[in-house]
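Asks: Kindly generate the corresponding structure for this input.
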Amino acid sequence: MASPTHSLTPPTPPTSSLPPLSRLASHSFDQVNQALQNLRSIYCAPPISLRLSAPSQKHVIHDTSVPDSGYASAEEDEDDECPEEEEAPFDLDVLRADKFEREYAVRWLTDFTARSDRWVYMPDSESEADARAALIDEAASLLASFAGEEEEQALTRSFSFPTGFSTQHVHVELNDAPLLSEDHTSVGLQSWASSILLAERMCSQPGAFRLGEQDTELRVLELGAGTGLLSIVATKLLHSLPHASTVVATDYHTSVLSNLQANVMTNFPPSYLSTSPSAPALEVLSLDWQNPVYEGSLKDPFDIILAADVIYHPEHAHWIKRCVERLLARPSGDVDGAPYGGIFWLIIPLRVTGRHEGMYNTVEAIFPLTNALTDAASWELAILSVEQLGRHEGVGRADEGGYKLYKIGWVSPCETAGITS
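Replies: Here you go, the predicted model:
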């Protein structure tokens, strides 16, 4: 492939080149694409995947290897350095160092990705919609490249979920840290729609998740906890119960674990924990799905395992199943005449375009439906039920067409219960 050439037109300041988002619906693919390429030419190397003259648009995101047991919603170009550029009609170094222009570009990219869902699906052509979705990935990549700059600020998000306990609400405050430009899997630093929807459901129906009116201690595990929303919500729901339970939030990347621990401290200061002698303990631990180490609090099985938006590569579902097989409590009792054990709750976005299109299909390829285990010789994990959820206004990425909530548990060879859809 020939070396990429410089833009035909000199880069211009973001304040004079970025199209106004108040009229986003009227902007064409070419207008937005040109605006993004202008930002690329200012702040980093010229792109080689999206070109205005190309007959078909391609993603600028390239998945060349299996990500390490974590997230990969926005990947950086391999070359993060900005090479020296040829002389331009104005001083690019001065423009790059202009704090006002940089902040304007970050705000524009943030707002663009937040309101991009309707813009993506406006065209009648499916190929045009796919091309626009590729631009959203391009914008996310650009936004991530600004992370780590001293002027980039973390975002504090507050949630208040109504509960099934009369008028009570579960209040959570999270720090969504800036994405790390040097680590494309660091999107665990931010809260995503799947975790918000599952947290909302857990609060409104705590009994369905065995998080209310329990007369025994519970052990709860979250895989790929990210900012810790599900673990924090579970801990707060269990706080009012008479028995001390244990909640363990796990992730893999050091930066994510550090932010996760900070969120735990924010939501559970010493004054909060001192209000109840049976307050559940919330522990943050590292867990690599591909090469797990089961020690400390991870040695014993869990009654409930939670995971939200954790599959970004076909191998992830396989790794997660191995962990759940090891960590989910096996059946040992009887409730209303039915054998039971631990439950694994998994919510996955239905991404209909982009690099992760159809990744949710790997769940049902790895975890069989209950009625498919006709020749099982022992207890096996299977999908007990699955529910499809719609998008919520203002929540979720543009490429998320909905969500699937899976209830996964142990099934015996003789069990013949069907699947609920």
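
Asks: Just the terminal-to-terminal distance for stretch 224-234.
Replies: 15 Å (Cα to Cα, to the nearest Å).

Asks: Kindly report the same for stretch 146-164.
Replies: 41 Å.

Asks: which residues of the stretch 51-200 of the chain fall in strands?
Replies: 155-162, 169-176 (DSSP state E, counting those that start in this stretch).

Asks: is it possible to export the ones you listed to TSV including mean pLDDT and distance to residue 93?
Replies: Every C-beta, even on glycine, is put in place using the N, C-alpha and C of the backbone. Converted to TSV, the strands of the stretch 51-200 of the chain look like this (pLDDT from 0 to 100; distance: least, Cβ to Cβ, whole Å):
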stretch	mean pLDDT	distance to residue 93
strand 155-162	89	29
strand 169-176	90	31
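
Asks: Nearest to residue 238, out of those strands?
Replies: When the strands of the stretch 51-200 of the chain are compared by Cβ to Cβ, strand 169-176 sits nearest residue 238, at 11.0 Å.

Asks: in its sheet, what does the closest one sit against?
Replies: When pairing is defined by DSSP bridges, strand 169-176 lines up against strand 155-162 (antiparallel).

Asks: ok, residues contacting the partner strand?
Replies: By Cβ atoms under 8 Å, 6 or more residues apart in numbering, the residues outside strand 155-162 that reach it are 168-176, 191, 196, 199-200, 203-204, 229, 233.

Asks: List buried residues within the residues you listed.
Replies: 170, 172, 174-176, 191, 196, 199-200, 203, 229, 233 (16 or more other Cβ atoms under 10 Å).

Asks: Among those, which one lies nearest to residue 96?
Replies: residue 176 (25.8 Å).

Asks: Verify the stated contact: the closest one with residue 227.
Replies: Yes: the pair residue 176 / residue 227 is scored as a contact, 6.4 Å apart, by Cβ atoms under 8 Å.

Asks: can I see the domain layout of this protein?
Replies: Domain segmentation of the chain under automatic domain parsing yields 14-146, 155-411.

Asks: Now residue 297: closest residue in space that isn't a chain neighbour?
Replies: In space, and not counting its chain neighbours, residue 297 is closest to residue 248: 5.1 Å by Cβ to Cβ, 6 or more residues apart in numbering.

Asks: Disregarding flanking residues, what is the spatial nearest neighbour of residue 402?
Replies: Closest to residue 402 by Cβ to Cβ, 6+ apart is residue 350, at 4.6 Å.

Asks: does the one you found count as helix, strand or coil?
Replies: Using DSSP: H, G, I helix; E, B strand; the rest coil, the three-state assignment for residue 350 comes out as strand.

Asks: got a list of what it touches?
Replies: Each residue near residue 350 by Cβ under 8 Å, 6+ apart is listed here: 360, 388, 400-404.

Asks: Distance from the chain centre to the strand ranked longest in the chain, please.
Replies: Counting residues, the longest strand in the chain under DSSP state E turns out to be strand 400-411. Relative to its parent chain, strand 400-411 has a centroid offset of 15 Å by Cα atoms, centre = their mean, to the nearest Å.

Asks: Mind jotting down where the helices sit in the chain?
Replies: Remark: helices assigned in the chain by DSSP state H are 14-17, 29-43, 92-97, 99-114, 116-120, 126-146, 193-204, 229-238, 254-267, 270-273, 314-327, 361-366.

Asks: Of those helices, which is nearest residue 291?
Replies: Nearest of the helices of the chain (Cβ to Cβ): helix 314-327, 9.1 Å.

Asks: Who are the packing partners of the closest one?
Replies: Helices and strands touching helix 314-327, as assessed by 3 or more Cβ pairs under 8 Å, 6 or more residues apart in numbering; DSSP states H and E, comprise strand 219-223, strand 304-308, helix 361-366, strand 380-389.

Asks: Residue 94 and residue 13: what is the separation?
Replies: From residue 94 across to residue 13, the span is 10 Å (Cβ to Cβ, to the nearest Å).
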